[in-house]
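*Asks:* return a 3D structure for these sequence lines:
(one chain, ligands or ions: 3)
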Amino acid sequence: MELNKKKELEKKYNFKSNYIKHIGNFRNEIIQKKIIPYQVEFQAPPRGKKICWLECPYCYGLSADNNGERLSKERGLEILRQILDGGVKKIIFAGYATDPLNCSYIGELLDLTISKKAIFGFNTKALKISETFFNALEKNKISDGSYISLSVDSGSNETYNLIHDVKAKKAKIYDQVLNNARRLGDLKKKNYFDLSAAYLVNANSANLNDYENFINDFISAGCNVLRFSFPQPPKDTTTAKGVVPTPEEINLYLSDLNKLKKKYEKDNCLIIITNPDSDHDIYNKPRTIPCYARYLFPTVGFDGWLYNCSQSSAPNFRSTALGDLTKNDFWKLFYNYDNENLDNYIKVCSKKISDSGCRCDRKEHIVNQFVIDSKVF
Ligand SMILES: C[S@@+](CC[C@H](N)C(=O)[O-])C[C@H]1O[C@@H](n2cnc3c(N)ncnc32)[C@H](O)[C@@H]1O
Ligand code: SF4
Ligand code: SF4
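*Replies:* Ligands and ions are numbered 1, 2, ... in the order given. Prediction:
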């Protein structure tokens with residue numbers, strides 16, 4: 001891998017990419033209502049009654065409300081078309097409490113994104129991948145910077161079931177995900193996108209055999225980045241001991257992981273280890289406000305509402321939402337703010353956001369802090 005490409009990937013996977021091109025223009029663009037989000041996160045609705053196909057004990061979305069409301073296929077595709085036609089260049093299909101590949105029309109959403117030449121990004125457990133999805137990846141030229149990140153968290157079927165609390169103890173989900181990764185790896189040789197695999201380390205997944213299997217399996221499947229990190233405390237959920245590691249446990253895990261990085265990192269695959277605590281002092285901090293997320297990466301919730309960010313995109317965050325996309329178009333809601341009294345508007349939003357009890361992810365802490373430090377507001 002070229003040095004520049006390696007540095008760019010490292011920056012991206014450490015959330016150090018710059019979400020704001022010219023900080024000097026940022027405030028003016030907001031005032032003039034000319035700001036276009038750097039990316040829109042789209043939480044594709046789940047196919048069944050449950051919000052997600054797994055219930056991972058560490059998941060920061062476990063406390064999300066499931067009020068049964070879902071964005072329909074027709075309206076979902078229409079909203080995505082509005083977003084893309086309005087100039088958004090990057091669509092992230094992830095989830096706060098859902099999995100994008102658990103949506104019945106995810107293949108069509110991806111196809112539309114690629115055909116409009118936008119960059120796509122996926123964070124998924126990839127338990128199942130539809131043929132429409134594979135076809136979309138094969139059919140059109142993929143824009144540079146597109147990625148699929150597989151959350152694997154283990155190197156064997158047993159550990160997979162343990163860390164994700166899969167009740168059917170004999171289930172071979174790790175094998176299933178690895179097969180899907182191989183198919184994606186083959187496709188990526190013809191139509192390039194970054195393929196990465198992530199491993200959350202806690203008491204259920206920390207062991208050398210699993211680390212090594214995971215590294216070998218996912219490098220040979222075609223991944224060009226492997227990322228190890230640690231679960232952060234989820235909002236409003238009490239976790240069993242060991243699910244969220246303490247800073248002391250993290251230090252122990254890091255010593256093994258750093259040795260493995262030295263042993264296995266190759267030119268064709270980067271191994272990244274991120275530690276939220278030491279990197280940004282955000283382990284226990286719930287949020288960084290004032291919050292600028294809605295201008296940079298607003299999020300379409302699985303319930304068809306538009307929210308500030310991916311971490312506040314479920315019905316329990318309606319008090320801070322931008323509005324209902326089933327009744328209003330995207331750009332109407334996006335530009336619906338008081339630009340004549342912006343400082344006051346941001347102050348009022350910050351109060352509501354703080355009362356909502358949301359928790360920023362790393363990217364959100366970093367970006368909000370970047371804007372605060374720039375003193376343009
Ligand atoms: C919430 S999930 C949504 C997308 C998809 N369902 C998945 O699991 O990849 C997005 C990413 O956040 C990670 N994640 C979930 N809870 C977390 C936590 N408490 N701390 C750190 N990462 C977490 C997941 O492992 C996954 O990689
Ligand atoms: S981590 Fe992903 S797959 Fe697991 S429960 Fe949360 S949203 Fe679902
Ligand atoms: S989680 Fe962070 S980025 Fe999202 S609304 Fe709350 S303060 Fe803003």
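
*Asks:* contacts only, for K352.
*Replies:* 319-320 (Cβ atoms under 8 Å, 6 or more residues apart in numbering). C-betas here are computed from N, CA, C, even on glycine.

*Asks:* got the phi/psi numbers for it?
*Replies:* phi -60, psi -40 (degrees, to the nearest 10).

*Asks:* so it versus K49, what's the distance?
*Replies:* Distance of K352 to K49, computed by Cβ to Cβ, to the nearest Å: 30 Å.

*Asks:* and what of S356?
*Replies:* S356 is 25 Å from K49, by Cβ to Cβ.

*Asks:* likewise A321?
*Replies:* 22 Å.

*Asks:* quick one: contacts for K266?
*Replies:* I219.

*Asks:* which residues does it bridge with?
*Replies:* C269 (DSSP bridges).

*Asks:* S356 and K49: who's more crowded?
*Replies:* Remark: of S356 and K49, S356 carries more neighbours, 18 against 8, as counted by other Cβ atoms under 10 Å.

*Asks:* tell me the pLDDT of that one.
*Replies:* You'll see S356 listed with a pLDDT of 96.

*Asks:* ok, and the closest non-adjacent residue to it?
*Replies:* With Cβ to Cβ, 6 or more residues apart in numbering as the criterion, S356 has its nearest non-adjacent residue at 4.9 Å, and that residue is T320.

*Asks:* how about that neighbour, phi and psi?
*Replies:* According to degrees, to the nearest 10, T320 has phi -110, psi 0.

*Asks:* now do the same for T274: its pLDDT.
*Replies:* Reported pLDDT for T274: 89.

*Asks:* that one is in contact with F228, isn't it?
*Replies:* Yes. Between T274 and F228 there is a contact under Cβ atoms under 8 Å: 7.5 Å.

*Asks:* between the two, tell me which one has more neighbours.
*Replies:* F228 (26 against 16).

*Asks:* my read is that that one contacts E265, right?
*Replies:* No. Counting by Cβ under 8 Å, E265 is not a contact partner of F228; they are 11.8 Å apart.

*Asks:* find residues that contact each of those two.
*Replies:* Joint contacts of F228 and E265 (Cβ under 8 Å, 6+ apart) are I271.

*Asks:* residues touching V367, list them.
*Replies:* 19-20, 292-293, 296 are the contacts of V367 under Cβ under 8 Å, 6+ apart.

*Asks:* what is the nearest of the residues you listed to D236?
*Replies:* Using Cβ to Cβ, the shortest approach to D236 within the contacts of V367 belongs to A293, at 19.5 Å.

*Asks:* spatially nearest residue to the closest one (excluding sequence neighbours)?
*Replies:* Per Cβ to Cβ, 6+ apart, closest to A293 is C309, 3.7 Å.

*Asks:* before we move on, the earlier item: residue contacts, the residue nearest to S356?
*Replies:* 307-308, 312, 349, 352-353, 356, 358.

*Asks:* coming back round to it: ligand 3 next: which of the contacts of V367 are close?
*Replies:* Among the contacts of V367, the residues within reach of ligand 3 (Cβ under 6 Å from any ligand atom) are A293.

*Asks:* of the contacts of V367, closest to ligand 3?
*Replies:* Closest approach between these and ligand 3, by Cβ to the nearest ligand atom: A293, at 3.7 Å.

*Asks:* assumed C52 was part of a helix.
*Replies:* No. Using DSSP: H, G, I helix; E, B strand; the rest coil, the assignment for C52 is coil, not a helix.

*Asks:* switch the contacts of T320 over to CSV; also include distance to I163 and secondary structure.
*Replies:* Output for those, formatted as CSV (distance: Cβ to Cβ, whole Å; DSSP: H, G, I helix; E, B strand; the rest coil):
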residue, distance to I163, secondary structure
Y307, 28, strand
N308, 30, coil
S312, 26, helix
C349, 36, helix
K352, 35, helix
I353, 31, helix
S356, 29, helix
C358, 25, coil
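
*Asks:* from ligand 1, how far off is T246?
*Replies:* Counting by Cβ to the nearest ligand atom, to the nearest Å, the gap from T246 to ligand 1 is 14 Å.

*Asks:* which stretches of the stretch 151-300 of the chain form helices?
*Replies:* 157-163, 173-190, 208-221, 247-264, 276-280, 293-296 (DSSP state H, counting those that start in this stretch).

*Asks:* of all the ones you listed, which lies closest to K89?
*Replies:* Using Cβ to Cβ, the nearest of the helices of the stretch 151-300 of the chain to K89 is helix 293-296, at 12.7 Å.

*Asks:* what lies in contact with the closest one?
*Replies:* 19-20, 26, 30, 35, 37-39, 308-309, 322, 334, 349, 364, 367-368.

*Asks:* now, which of those lie close to ligand 1?
*Replies:* Counting by Cβ under 6 Å from any ligand atom, no member of the contacts of helix 293-296 reaches ligand 1.

*Asks:* list the contacts of Q369.
*Replies:* Q369 touches T288, counting by Cβ under 8 Å, 6+ apart.

*Asks:* any bit of the helix or strand hosting it sitting next to ligand 3?
*Replies:* In the assignment (DSSP states H and E), Q369 maps to helix 362-374. Yes. Applying Cβ under 6 Å from any ligand atom, one finds helix 362-374 touching ligand 3 at E364.

*Asks:* any idea of the mean pLDDT in stretch 331-340?
*Replies:* The model assigns stretch 331-340 a mean pLDDT of 97.

*Asks:* for ligand 1, what is the nearest residue in the stretch 151-300 of the chain?
*Replies:* S151 (3.4 Å).

*Asks:* measure the nearest residue to K50 once chain neighbours are set aside to ligand 1 for me?
*Replies:* Nearest residue to K50, sequence neighbours excluded (Cβ to Cβ, 6+ apart): N66, at 7.3 Å. Shown here: N66 relative to ligand 1, a distance of 15 Å by Cβ to the nearest ligand atom.
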